[in-house]
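# Next come a sequence and a model predicted from it.
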Amino acid sequence: MRVIGGESRGRRIKAPRGMGTRPMRDFVREAVFSMLGDRVRGARVLDLFAGSGSLGLEALSRGAVAAVFVDRGRDPTRVIQENLDILGMKGRGRVVRAEILDFLRRYAPPDEPFDLIFIDPPFRIDVNYRQEVLNKLIEGGFLGPSSVVIMQAPLRVPVTEPPPGLEFRERRKYGESAVDVYMKMENDVKEAGEEGGR
């Protein structure tokens, strides 16, 4: 596995052993970051179900200022820390070993919310759990007015309905997987005002 773009482009990163994690495929990751474009530079990133940390590491390589990586597994959290060390990014990354909903209930975000949130759970995780993750992001104040949430899901699974304050924007299809994009509702108010309330 390699970093695709930015300062660490082409650098190899480690993946956890076994079949417990399923990193986002390279071509999907490349498509996601092409879609995000300049939003990545200067962003604060939260990588949930982080696995190898490939999404957060990619963001750091492309100019994100900081990333928090959360995974419940001992091996994934160890591998993420090793990857941060390999890429010289340990000063910009924090690794937390926790069950995701427990983390979202207990973690108090710093003064600034996260700009980009990646959610890449195992495909067996059901829609109800995905819904609760989105709920906790809103309830816990993790999202700012320009935050973007990216969630990967099996294509066969319906889009997870967002809670009030978060809007589903689009579903992009890549083989048997889908990437769902959500944004804070404040974006609509700003955009409408800027363009004459269209």
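Sure thing, it's come through. Numbering: from 1, shown residues only.
# if I read this right, residue 107 contacts residue 140, doesn't it?
Yes - contact criterion Cβ atoms under 8 Å: residue 107 and residue 140 qualify, at 7.3 Å. Any C-beta I mention is one placed from the backbone N, CA and C, and that applies to glycine too.
# so residue 29 is in which element?
Assigned by DSSP states H and E, residue 29 falls within helix 26-36.
# For residue 61, list the residues it contacts.
3, 5, 6, 7, 8, 9, 11, 87, 89 (Cβ atoms under 8 Å, 6 or more residues apart in numbering).
# Can I have the buried ones of the residues you listed as a ChimeraX selection?
Per 16 or more other Cβ atoms under 10 Å, the buried members of the contacts of residue 61 correspond to this ChimeraX selection:
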select :3,5,6,8,11,87,89
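# Please identify which two of the contacts of residue 61 are farthest apart in space.
The widest separation within the contacts of residue 61, taken as Cβ to Cβ, falls between 5 and 89 and amounts to 14.5 Å.
# which parts of the helix holding residue 29 are buried?
28, 29, 32, 33, 36.
# For residue 54, state which of those residues is nearest.
residue 29 (6.5 Å).
# picking up where we left off before, tabulate the contacts of residue 61 in CSV, adding columns for pLDDT.
Listed next are those as CSV, based on pLDDT from 0 to 100:
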residue, pLDDT
3, 94
5, 94
6, 94
7, 95
8, 95
9, 93
11, 94
87, 96
89, 96
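# for the contacts of residue 61, which one is nearest residue 68?
residue 89 (12.7 Å).
# Could you tell me how many residues sit around the nearest residue to the closest one once chain neighbours are set aside?
Among residues not flanking residue 89 along the chain, residue 60 sits closest, at 5.1 Å (Cβ to Cβ, 6 or more residues apart in numbering). By the other Cβ atoms under 10 Å criterion, the neighbourhood of residue 60 contains 27 residues.
# How about the contacts made by residue 60?
6, 8, 45, 67, 87, 89, 92, 93.
# Please apply the same query to residue 161.
131, 168.
# at 10 Å instead, please
The contact partners of residue 161, taken as Cβ atoms under 10 Å, 6 or more residues apart in numbering, are 127, 130, 131, 134, 168.
# Could you double-check that residue 112 lies in contact with residue 46?
No - counting by Cβ atoms under 10 Å, residue 112 sits too far from residue 46 to count as a contact (11.7 Å).
# Mind listing the shared neighbours of those two?
Common neighbours of residue 112 and residue 46 (Cβ under 10 Å, 6+ apart) are residue 66.
# Looking at those two, which one has more neighbours?
residue 46 (28 against 10).
# wait, isn't that one in contact with residue 120?
No - counting by Cβ under 10 Å, residue 46 sits too far from residue 120 to count as a contact (11.7 Å).
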